[in-house]
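Asker: okay, sequence plus prediction incoming.
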Amino acid sequence: MKVIKFLKDAVLIKDGDIEAWVDVTVHNQDIICDWNAYIFDLTNSKDLALRAWQDDCDNFDMATSLAVETLERKGFIYQDEKGKWHTKNIEL
């Protein structure tokens, strides 16, 4: 699993043939992560594969950790000494 693209609040993760965006937001000093795709075309094999991949909790844990680490390393988010999360206004 690796990062192939990022924005200030989202990271595109690639794992084999799967590419999935993870949204990362800071709300009330907590970090919130979720999949960007949640509507799937049930007649499309690529959508079905993405849905199955996203349903795996291990994939969610790894992808969200990688997304948070990436945005923290790039300076878009940071955690203070009290464990509270914050955003920085950095332009891409």
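Answerer: All right, it came through fine.
Asker: excluding chain neighbours, what is closest to the residue most central in space within the chain?
Answerer: Closest residue to the average C-alpha location of the chain: Val22 at 2.3 Å, with CA atoms, centre = their mean. Spatially, and ignoring its direct neighbours in sequence, Val22 is nearest to Ala67 (4.0 Å; CB to CB, 6 or more residues apart in numbering). Just so you know, the C-beta spots here come from the backbone N, C-alpha and C atoms, and that holds for glycine as well.
Asker: which residues sit in contact with that neighbour?
Answerer: By CB atoms under 8 Å, 6 or more residues apart in numbering, the contact set of Ala67 is 3, 6, 10-11, 13, 22, 24, 33.
Asker: can you list the buried residues in the strand ranked longest in the chain?
Answerer: In the chain, taking DSSP state E as the definition, the longest strand is strand 18-27. Neighbour-count burial for strand 18-27, with 16 or more other CB atoms under 10 Å as criterion, is recorded at 18, 20-24, 26.
Asker: now do that strand: which elements does it pack against?
Answerer: Applying 3 or more CB pairs under 8 Å, 6 or more residues apart in numbering; DSSP states H and E, we find strand 18-27 packed against strand 10-15, strand 30-35, helix 45-54, helix 57-73, strand 85-87.
Asker: ok, now with 6 Å
Answerer: Where contact means 3 or more CB pairs under 6 Å, 6 or more residues apart in numbering; DSSP states H and E, strand 18-27 is packed against strand 10-15, strand 30-35, helix 57-73.
Asker: list the pairing partners of the very next helix or strand once past the longest one within its sheet, with orientation.
Answerer: When you say that, I think you mean helix 57-73. Reading on from helix 57-73 to the C-terminus, the next helix or strand found by DSSP states H and E is strand 77-79. Strand pairing for strand 77-79, determined by DSSP bridges: strand 85-87 (antiparallel).
Asker: run through who's touching the strand it pairs with.
Answerer: Contact with strand 85-87 is made by 26, 29, 31, 77-79, as judged by CB atoms under 6 Å, 6 or more residues apart in numbering.
Asker: give me that answer again for 8 Å
Answerer: So strand 85-87 is contacted by 8, 26, 29-31, 76-80 (CB under 8 Å, 6+ apart).
Asker: same check, this time on stretch 15-33
Answerer: By CB under 8 Å, 6+ apart, the residues outside stretch 15-33 that reach it are 1-2, 4, 9-13, 34-37, 49-50, 53-54, 59, 63-64, 66-68, 71, 77, 84-87.
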